[in-house]
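K.L.:
sequence and predicted model, in that order:
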There are 2 protein chains.
Amino acid sequence: MSYDILKQNIQKHINLSTADLELICSYFKPASLKKKEFLLTQGSVCKLEGFVIDGCFRVFTLDKKGNENTLYFAAKDWWLMDIDSFMNQVPSGLNIQAIEDSEVLLISRRDKLALYDSMPVVEKLFRIIFQKGLVSWQRRLVRNHRFTAKERYFHFIETYPGITSKLTDKQIAGYLGISHEFLSKIKKSEK
Amino acid sequence: MSYDILKQNIQKHINLSTADLELICSYFKPASLKKKEFLLTQGSVCKLEGFVIDGCFRVFTLDKKGNENTLYFAAKDWWLMDIDSFMNQVPSGLNIQAIEDSEVLLISRRDKLALYDSMPVVEKLFRIIFQKGLVSWQRRLVRNHRFTAKERYFHFIETYPGITSKLTDKQIAGYLGISHEFLSKIKKSEK
DNA sequence: CAAAAGAGTTGAACTTGTTCAACTCGGGTA
DNA sequence: TACCCGAGTTGAACAAGTTCAACTCTTTTG
């Protein structure tokens, strides 16, 4: 059952009664996306927050020159959201696209706000999730300042071997913040 | 009264009764730090979380070569913490140093955990604070990928004119992730 | 199956940023 | 006052990463 992955994810963060767990999960609705389909496009308002059950997504922005900058990839067991647009109902600066056929569990903004209001433990859950997220974003920024593109590349493939295999080099380059031509040269140099 | 700044900061995020606000604030104890004094040093465990009433701090890491990488500056009305070390009681990778004589309000880990447990609204407060923090770290990473050092420099001084005046160029360079020599050349080029 | 589009590679010229070393300048401290 | 230290500047040589263009090789799609 696909909800098991969500339940296990929540329990990694907090201890919860089975009843509470069931109740939280009941607000999430399953959805399928085909490869290349978008869950959110830049400029529109984010209406859904998701959790990936299977498949993989990339979350990226597009600048005027058409350069893609990838914020993160979300494979199985990852949360998927544009927090800013979802919470504040402002136009999103992000695109969320399936990079392979995928299954997600989605919650609407209204339901999420209702959960926050009715279950304090959900506040705690997301306080912890965001707290952990903040730490990893801080670390990523330091790596970006401190490490060369080559070091960042090897850090990435060692840290996320499972995701790497699903991605094109162009997508990885967009995550590392380098051109795909340069990534190609990095890979060649280390053969 | 110095607690007013903290109260106003909290109220920017959530609506709270005066009684709750007073109760939360009662856990925070004032402290003074002299210029160059450390609130936390790399390798030790973070025991206190702070809120800046006056002055300014820098939060940075030091690598083997002695390069300083600044995660952020915290002036009046900013929160100050190493979330990872504080929450998980692991040795910190960060240094927190006053860059001028400063006043802070500090809360211990025990008191913070007690607040989380006894007041669900505190969970909400920090859920919102971390949520906003996450958004700005994501944006900063995109700026780092997309913008040149020169663009990042002008973005910084335009966004934080008040803090800029307190900082040396070396400290700003550490925040931007460039050498201070290169920052000097950037400033010269735009005269 | 054929055509087209996208992914990856390579080279050459270029831009951005680093490193190291030498120098200047102003402010605190003995 | 004299000194020294840290901040900032500058130049030259170098390293890291980009851009553009040309080419190959898969993959997708009609």
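P.N.:
Noted; the coordinates are in hand. Numbering: from 1, shown residues only, chains lettered A, B, ... in the order given.
K.L.:
A:G174 should be in a strand, yeah?
P.N.:
No. Secondary structure of A:G174 (DSSP: H, G, I helix; E, B strand; the rest coil): helix, not part of a strand.
K.L.:
from B:W137, how far off is it?
P.N.:
Counting by CB to CB, to the nearest Å, the gap from A:G174 to B:W137 is 18 Å. Backbone N, C-alpha and C define where each C-beta goes, glycine included.
K.L.:
again with A:E151
P.N.:
Taken as CB to CB, the span from A:E151 to B:W137 is 21 Å.
K.L.:
other SSEs contacting the helix of greatest length in chain A?
P.N.:
Secondary structure assigned by DSSP state H gives helix A:120-146 as the longest helix of chain A. Applying 3 or more CB pairs under 8 Å, 6 or more residues apart in numbering or on different chains; DSSP states H and E, one finds that helix A:120-146 contacts helix A:3-13, helix A:109-118, helix A:149-159, strand B:68-75, helix B:83-88, helix B:120-146.
K.L.:
after the shortest one, next one along is what?
P.N.:
Going back to what we said before, that points to helix B:83-88. As assigned by DSSP states H and E, the chain's next helix or strand after helix B:83-88 is strand B:95-98.
K.L.:
residues of chain A that sit close to DNA strand D?
P.N.:
Contacts of chain A with DNA strand D, taken as CB under 7 Å from any atom of the strand, map to A:36, A:148-150, A:177-179, A:181-182, A:185.
K.L.:
measure stretch A:50-66 end to end?
P.N.:
Stretch A:50-66 has an end-to-end distance of 26 Å (criterion: CA to CA, to the nearest Å).
K.L.:
cool, and stretch A:18-36?
P.N.:
36 Å.
K.L.:
got the helices and strands packed on helix A:120-146 as TSV, with distance to A:L167, mean pLDDT and mean neighbour count columns?
P.N.:
Listed next are these as TSV, based on distance: least, CB to CB, whole Å; pLDDT from 0 to 100; neighbours: other CB atoms under 10 Å in any protein chain shown:
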stretch	distance to A:L167	mean pLDDT	mean neighbour count
helix A:3-13	21	96	15
helix A:109-118	29	96	14
helix A:149-159	10	96	15
strand B:68-75	28	94	20
helix B:83-88	28	93	19
helix B:120-146	17	96	19
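K.L.:
considering the residues of chain A next to DNA strand D, which possesses the most neighbours?
P.N.:
Counting neighbours by other CB atoms under 10 Å in any protein chain shown, A:I178 leads the residues of chain A next to DNA strand D with 19 neighbours.
K.L.:
so that one sits against A:T148, correct?
P.N.:
No. In terms of CB atoms under 8 Å, A:I178 does not count as a neighbour of A:T148; the distance is 9.8 Å.
K.L.:
hmm, back to that, and the angle for the longest helix of chain A with helix B:109-118?
P.N.:
140 degrees (axes from the mean of the first three to the mean of the last three CA atoms, to 10 degrees).
K.L.:
compute the inter-axis angle for helix A:120-146 and helix A:3-13.
P.N.:
80 degrees.
K.L.:
out of the helices and strands packed on helix A:120-146, nearest to A:I128?
P.N.:
helix A:3-13 (4.8 Å; CB to CB).
K.L.:
distance between the closest one and the chain's centre?
P.N.:
The chain centre lies 16 Å from the centre of helix A:3-13; the measure is CA atoms, centre = their mean, to the nearest Å.
K.L.:
next one: stretch A:110-117
P.N.:
So, by CA atoms, centre = their mean, the centroid of stretch A:110-117 is 21 Å from its chain's centroid.
K.L.:
can it be found next to chain B?
P.N.:
Yes. Residues of stretch A:110-117 contacting chain B under CB under 8 Å from any CB of the partner chain: A:Y116.
K.L.:
run through who's touching that stretch.
P.N.:
Stretch A:110-117 is contacted by residues A:24, A:27, A:49, A:86, A:107, A:122-123, A:126, B:124, B:127 when judged by CB atoms under 8 Å, 6 or more residues apart in numbering or on different chains.
K.L.:
rerun at 10 Å
P.N.:
The contact list for stretch A:110-117 (CB atoms under 10 Å, 6 or more residues apart in numbering or on different chains) reads A:23-24, A:26-29, A:47-49, A:81, A:86-87, A:107-108, A:121-123, A:125-126, B:123-124, B:127-128.
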